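Trainee: Sequence first, then the predicted structure, then my questions.
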Amino acid sequence: MAGTIAAPADPGAAGPVAGAARGRRRRGAWGVGGSYLAVAFLLVSLNFFLPRTLPGDPIAALENPQSATYIGDASTRSDVAQHYGLDRPPLEQYRSYLADLARGDLGTSIQYNAPVTKVLAERLPWSLLLIGTALTLATAAGMLAGIHSGWRRGGRVDRRLLASFIVVDNLPAFFVAFLAAQVLAVKLGWFPLSGAQTPFASDFSSLERVGDVAGHLLLPATVLALQFATYQYLVMRAGMLGVLGSDYLQLGRAKGLGDRVLKYRYAARNALLPAVTVAGLQIGVAVTAAIFVETVFAYPGVGRLMFEAIGERDYPTMQGCFLVLGMLTVTVNGLADLAYRRLDPRTRA
């Protein structure tokens, strides 16, 4: 009836449901945060114990005449062991390590006789630049190739792209780096062979310094990007194949939308979610591959520093490198998780 007044909605009916949903979201957020905290603590613990499982120790490295930190005097080596706490029991060293870490103290590098934080501060920006550039190149190339290949599945371009990416993916990182250095840097001279910038680059202008850093960066970043582009390509191609028969694409074609709009705005957008997850997971692999690439090209990053520290059994430097790279991986995976929830509202509950 027109004059009938609708009864007011009962706030208690929707209240418990909405409150339960909010409670689940809060518990889910705390669960995710707690899991990342547990991973961080496990990472910190492994960061201490794993270097000590390697054969030898810093004192044995000091006894090697070919070592850069060789000390021939036995009493001096004993003083060094006492100074760094290496003469104490492992559990006591572990407690001291956690206490120092809580204060932000990563210890003193045995190899460089300098605070580990200072050594890492000099190397970390170069590694972030290398890994960030490589993953950007890999993601852009892999996604674009995967979109085009999946859209034209079974065609000549699709077959060639698929074969090329699979061949590149089966080549080890150190082999590709060595081959690129020999051919493109040594024989052809197209790129600098090593380092991150030309010596005495401080005399260059700002624009010249940027070009110099980019010239040193391009070859190792491209070699590193080749290790990850294939996975992005395969994931994006599979995502495109999964959405090609969707109803919204058929409706778009019926409305007269062009292939470009359908390919990028509709199909690629819905196939993007797995690629975001892959981009986060690839950080851990990129850290490992960067060690080989930085070593081959003598790039002054954390990967090369860790390689040198392992050879010298420099526990504080090894722990600092492992911690920084491990926390970088955990942080980026957390950001990828948040980005996935942002892109797909269904996962927020």
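Mentor: Yep, it's here.

Trainee: Low-confidence regions, the stretch 151-300 of the chain specifically.
Mentor: Along the stretch 151-300 of the chain, segments meeting pLDDT under 70 span 201-202, 243, 245, 247-251, 255-259, 261-271, 276-277, 279-280, 284.

Trainee: how about 90 then?
Mentor: 151-220, 222-300 (pLDDT under 90).

Trainee: Give the other helices and strands that the host helix or strand of Q282 contacts.
Mentor: Taking DSSP states H and E as the criterion, Q282 maps to helix 272-296. Using 3 or more CB pairs under 8 Å, 6 or more residues apart in numbering; DSSP states H and E as the contact test, the elements touching helix 272-296 are helix 116-151, helix 173-180, helix 206-243, helix 302-312, helix 315-343. For the C-beta atoms, the positions are set from N, CA and C on the backbone; glycine is no exception.

Trainee: Report the contact partners of the closest residue to W190 other than its chain neighbours.
Mentor: With sequence-adjacent residues excluded and distances taken as CB to CB, 6 or more residues apart in numbering, W190 is closest to L184, at 5.1 Å. By CB atoms under 8 Å, 6 or more residues apart in numbering, L184 lies in contact with W190, F191, L219.

Trainee: How about L188?
Mentor: No contacts exist for L188 under CB under 8 Å, 6+ apart.

Trainee: The residue nearest to A40 when sequence neighbours are not counted: neighbouring residues, count only.
Mentor: For A40, ignoring the flanking residues on the chain, the nearest one in space by CB to CB, 6+ apart is V330 at 6.0 Å. By the measure other CB atoms under 10 Å, the count of residues near V330 is 17.

Trainee: could you check the distance from V330 over to I283?
Mentor: Distance, V330 to I283, by CB to CB, to the nearest Å: 9 Å.

Trainee: do L128 as well
Mentor: Distance, L128 to I283, by CB to CB: 11 Å.

Trainee: which one of these two has more residues nearby?
Mentor: The residue with more neighbours, out of L128 and I283, is I283; 21 against 13, by other CB under 10 Å.

Trainee: Assess the claim that that one and G132 are in contact.
Mentor: No. Taking contacts as CB atoms under 8 Å, I283 lies outside contact range of G132: 10.0 Å.

Trainee: which non-adjacent residue is nearest the residue positioned nearest the centre of the chain?
Mentor: Centrality entry for the chain: nearest residue to the mean C-alpha point is I283, 2.2 Å, by CA atoms, centre = their mean. In space, I283 comes closest to V332 once its chain neighbours are excluded; the distance is 4.4 Å by CB to CB, 6+ apart.

Trainee: confidence score at that neighbour?
Mentor: Model confidence at V332, given as pLDDT, is 72.

Trainee: Give the burial count for it, as a bare number.
Mentor: V332, neighbours per other CB under 10 Å, totals 20.

Trainee: how close does it sit to V287?
Mentor: 10 Å.

Trainee: do L241 as well
Mentor: Going from L241 to V287 by CB to CB gives 31 Å.

Trainee: Which one's more surrounded, these two?
Mentor: When L241 and V287 are compared for neighbours, V287 comes out ahead with 22 against 16, by other CB under 10 Å.

Trainee: is it true that that one touches T329?
Mentor: Yes. Counting by CB under 8 Å, V287 does reach T329; the two are 6.2 Å apart.

Trainee: pretty sure N47 is touching L325, no?
Mentor: No. Taking contacts as CB under 8 Å, N47 lies outside contact range of L325: 9.8 Å.

Trainee: before we move on, back to that, buried residues in the helix holding Q282?
Mentor: Judged by neighbour count (16 or more other CB atoms under 10 Å), helix 272-296 contains these buried residues: 272-273, 275-276, 278-280, 282-284, 286-287, 289-296.

Trainee: Stretch 309-320 too?
Mentor: Buried, per 16+ other CB under 10 Å, within stretch 309-320: A309, E312, R313, D314, Y315, P316, T317, M318, Q319, G320.

Trainee: So which of these sits lowest on pLDDT?
Mentor: Looking at the buried residues of stretch 309-320 by pLDDT, the weakest one is E312, with 78.

Trainee: Just confirm that one contacts L54, I think it does.
Mentor: No. Contact criterion CB under 8 Å: E312 and L54 do not qualify, at 11.3 Å.

Trainee: ok, back up a step: roughly how far does the residue nearest to W190 sit from S35?
Mentor: 44 Å.

Trainee: now L217
Mentor: Applying CB to CB to L217 and S35 gives a distance of 35 Å.

Trainee: Compare those two (neighbour count), which wins?
Mentor: Remark: of L217 and S35, L217 carries more neighbours, 21 against 12, as counted by other CB under 10 Å.

Trainee: In contact with the residue lying closest to that one once chain neighbours are set aside, which residues?
Mentor: Take L217 and drop its neighbours on the chain: the residue closest to it by CB to CB, 6+ apart is T133, 6.2 Å away. Going by CB under 8 Å, 6+ apart, T133 touches L217, A221, A225.
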